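S.K.: heads up, no residue letters with this:
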């Protein structure tokens, strides 16, 4: 049963609307002023609110503003009930995010039609979100077993061997086992970290869209580049050509982009082949480019880049969930940047991210 909250200081109108909605099978809540209505909304989380604009204690505009500022109530469907004299306030309310309005006096049919339209809209949004979540669940279920089991099986298998072996192992053999366990653990941690970042981007993208002045960009690139190259035992393959540029982003967002692009370049290129990272200022923009001469994207596949979308899996043993680039794409969009990819068999792959430079 859908729950509707009526916030109206005119008792007769409030009761009349309540009777109509009860007759139609709605669960009806009422409040005689904005302050009480706000408390009711936060307590009962209705599916839709019908609210007068001009009221004592707290106006409908103030109620809407408070609801939209609260993450628990910001998505509630909100319909203003307004007299013709309230046009200026109505415009303010629509700019604050009201979903619809009814002009007094309105008929029973107009009331029910407006409510039906808003609830159908809300249901369509909920259905779309559920479809997206269902697709995400299927994708995660499809890829998590491989991406988590592979390193985990290596750790468990070698741990079991060390635990159960009755042989005296040579120091070199112990060190080799330790190296494999260490690399498997890092792969596992990297995969889990990517999933957590991706989930955060889906659930709370605004936390990545904060724009500040990021300084020390060259040091960030060099530090993350060295760390990643060391993880792949390829420190001599890393070539950094960085300028110190202040950009508009956040340190966390910039660091994630840098790490994902450099890791992707090492992951899909062979030892002994250079991974070149350049960070320069051109035409008022900062350009971060990462180039490698490893495996190119299959022809026509670049536009298909997305979460859990891996290419040529039947030809190559993948070392990742396909999340690195989609995480980068999402963050770049949130900070008003731009991403381009050039990839071919002859020249390799170059991924460039353009930032607003200070």
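M.R.: Good, I have the coordinates. As the structure is a prediction and not an experimental result, all values here were calculated from the model. Numbering: from 1, shown residues only.

S.K.: what distance separates stretch 63-81 from the centre of its chain?
M.R.: Centroid separation for stretch 63-81 versus its chain: 23 Å, with CA atoms, centre = their mean, to the nearest Å.

S.K.: buried residues in that stretch?
M.R.: Across stretch 63-81, burial judged by 16 or more other CB atoms under 10 Å covers 63, 64, 66, 67, 68, 73, 76, 77, 78, 79, 80, 81. Where you see a C-beta, it was placed from the backbone N, CA and C, and this is true even at glycine.

S.K.: So which of those residues is the closest to residue 328?
M.R.: Using CB to CB, residue 68 is the member of the buried residues of stretch 63-81 that lies nearest residue 328, at 30.8 Å.

S.K.: I'd assumed residue 96 was in contact with the closest one.
M.R.: Yes. Residue 68 is in contact with residue 96 according to CB atoms under 8 Å; the separation is 6.1 Å.

S.K.: how about the buried residues of stretch 63-81 in JSON lines, adding pLDDT, secondary structure and distance to residue 166?
M.R.: Output for the buried residues of stretch 63-81, formatted as JSON lines (pLDDT from 0 to 100; DSSP: H, G, I helix; E, B strand; the rest coil; distance: CB to CB, whole Å):
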{"residue": "63", "pLDDT": "94", "secondary structure": "helix", "distance to residue 166": "75"}
{"residue": "64", "pLDDT": "93", "secondary structure": "helix", "distance to residue 166": "74"}
{"residue": "66", "pLDDT": "94", "secondary structure": "helix", "distance to residue 166": "70"}
{"residue": "67", "pLDDT": "93", "secondary structure": "helix", "distance to residue 166": "69"}
{"residue": "68", "pLDDT": "90", "secondary structure": "helix", "distance to residue 166": "68"}
{"residue": "73", "pLDDT": "91", "secondary structure": "coil", "distance to residue 166": "65"}
{"residue": "76", "pLDDT": "92", "secondary structure": "coil", "distance to residue 166": "67"}
{"residue": "77", "pLDDT": "92", "secondary structure": "strand", "distance to residue 166": "70"}
{"residue": "78", "pLDDT": "94", "secondary structure": "strand", "distance to residue 166": "72"}
{"residue": "79", "pLDDT": "94", "secondary structure": "strand", "distance to residue 166": "76"}
{"residue": "80", "pLDDT": "92", "secondary structure": "strand", "distance to residue 166": "79"}
{"residue": "81", "pLDDT": "91", "secondary structure": "strand", "distance to residue 166": "82"}
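
S.K.: quick one: which two of those residues are the most distant?
M.R.: Greatest spacing in the buried residues of stretch 63-81, by CB to CB: 73 and 81 (18.8 Å).

S.K.: would JSON lines of the buried residues of stretch 63-81 with distance to residue 20 be doable?
M.R.: Shown next, in JSON lines, are these (distance: CB to CB, whole Å):
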{"residue": "63", "distance to residue 20": "22"}
{"residue": "64", "distance to residue 20": "23"}
{"residue": "66", "distance to residue 20": "27"}
{"residue": "67", "distance to residue 20": "24"}
{"residue": "68", "distance to residue 20": "27"}
{"residue": "73", "distance to residue 20": "25"}
{"residue": "76", "distance to residue 20": "20"}
{"residue": "77", "distance to residue 20": "18"}
{"residue": "78", "distance to residue 20": "19"}
{"residue": "79", "distance to residue 20": "14"}
{"residue": "80", "distance to residue 20": "18"}
{"residue": "81", "distance to residue 20": "13"}
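
S.K.: Out of these, flag the one nearest to residue 346.
M.R.: For these, the residue nearest residue 346 by CB to CB is residue 68; the value is 53.2 Å.

S.K.: hey, where'd the strands end up in the stretch 51-200 of the chain?
M.R.: 77-82, 100-103 (DSSP state E, counting those that start in this stretch).

S.K.: Turn these into CSV, columns for distance to residue 287.
M.R.: As requested, the strands of the stretch 51-200 of the chain are exported to CSV (distance: least, CB to CB, whole Å):
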stretch, distance to residue 287
strand 77-82, 44
strand 100-103, 45
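
S.K.: closest one to residue 288 among these?
M.R.: When these are compared by CB to CB, strand 77-82 sits nearest residue 288, at 42.3 Å.
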